[in-house]
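**Student:** got a predicted structure here, sequence first:
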Amino acid sequence: MTRSIEVKVVERAGTFQLAGAAEGEALVFSQPLSFWGGIDAETGDITDRSHPGLGQNVSGKILVMPSGRGSSSSSSVLAEAIRRGTAPAGILLERPDPILAVGAIVAEFLYAMSMPLVVCGISEIVSGDRIAIDVGGDGGAIVRKVRK
């Protein structure tokens, strides 16, 4: 017996804070996360005891949240996580975050390693969704969600 599976593709436009392409499983939080004191750059584990994501791992995921949170040192933690390969594959934010942008830009400049950072609508994205981030023909971000 063959069962058909309905696949729904949702596409939305976004603005890059740092352009690039990535794909991965969404890890969605309704609360902002600080990389300084909130993420272990060696492992990608969330270590912030006050965050609902405590103990989860961001490595290779598409991190989805309203914004970043915390001190300017979050830039260096994000850049180090990118260098170590423990950072998210990409980050989707509702609001621009200059601190996270600096970390991603520095990692691209120093290590030639990029991680797209996109500002877009994040409603209807849930943890576990498969997300693809691409560069559109106009240079803007295209975020695709495929959910079964």
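**Tutor:** That came through, no problem.

**Student:** so what's Leu100 up against?
**Tutor:** Residues near Leu100 by C-beta atoms under 8 Å, 6 or more residues apart in numbering: Gln17, Phe35, Gly68, Ser74, Ser75, Leu78, Ile91, Leu93, Leu117. Any C-beta I mention is one placed from the backbone N, CA and C, and that applies to glycine too.

**Student:** just the helices in the chain please.
**Tutor:** If DSSP state H is used as the criterion, the helices of the chain fall at 74-84, 98-111.

**Student:** buried ones in the last one?
**Tutor:** It stands for helix 98-111. Of the residues in helix 98-111, Ile99, Leu100, Ala101, Val102, Gly103, Ala104, Ile105, Val106, Ala107, Glu108 count as buried by neighbour count, 16 or more other C-beta atoms under 10 Å.

**Student:** could you dump it to PDB, C-alpha only?
**Tutor:** Taking Å, rounded to 0.1, in the frame of the first residue of the first chain, the C-alpha atoms of helix 98-111 are listed here in PDB:
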ATOM      1  CA  PRO A  98      24.000  44.300  14.800                       C
ATOM      2  CA  ILE A  99      25.900  42.300  17.500                       C
ATOM      3  CA  LEU A 100      25.200  38.900  15.800                       C
ATOM      4  CA  ALA A 101      25.900  40.500  12.400                       C
ATOM      5  CA  VAL A 102      29.300  41.600  13.600                       C
ATOM      6  CA  GLY A 103      30.200  38.100  14.700                       C
ATOM      7  CA  ALA A 104      29.100  36.500  11.400                       C
ATOM      8  CA  ILE A 105      30.900  39.200   9.400                       C
ATOM      9  CA  VAL A 106      34.100  38.800  11.400                       C
ATOM     10  CA  ALA A 107      34.100  35.000  11.000                       C
ATOM     11  CA  GLU A 108      33.600  35.400   7.200                       C
ATOM     12  CA  PHE A 109      36.500  38.000   7.100                       C
ATOM     13  CA  LEU A 110      39.000  36.100   9.400                       C
ATOM     14  CA  TYR A 111      38.200  32.500   8.600                       C
END
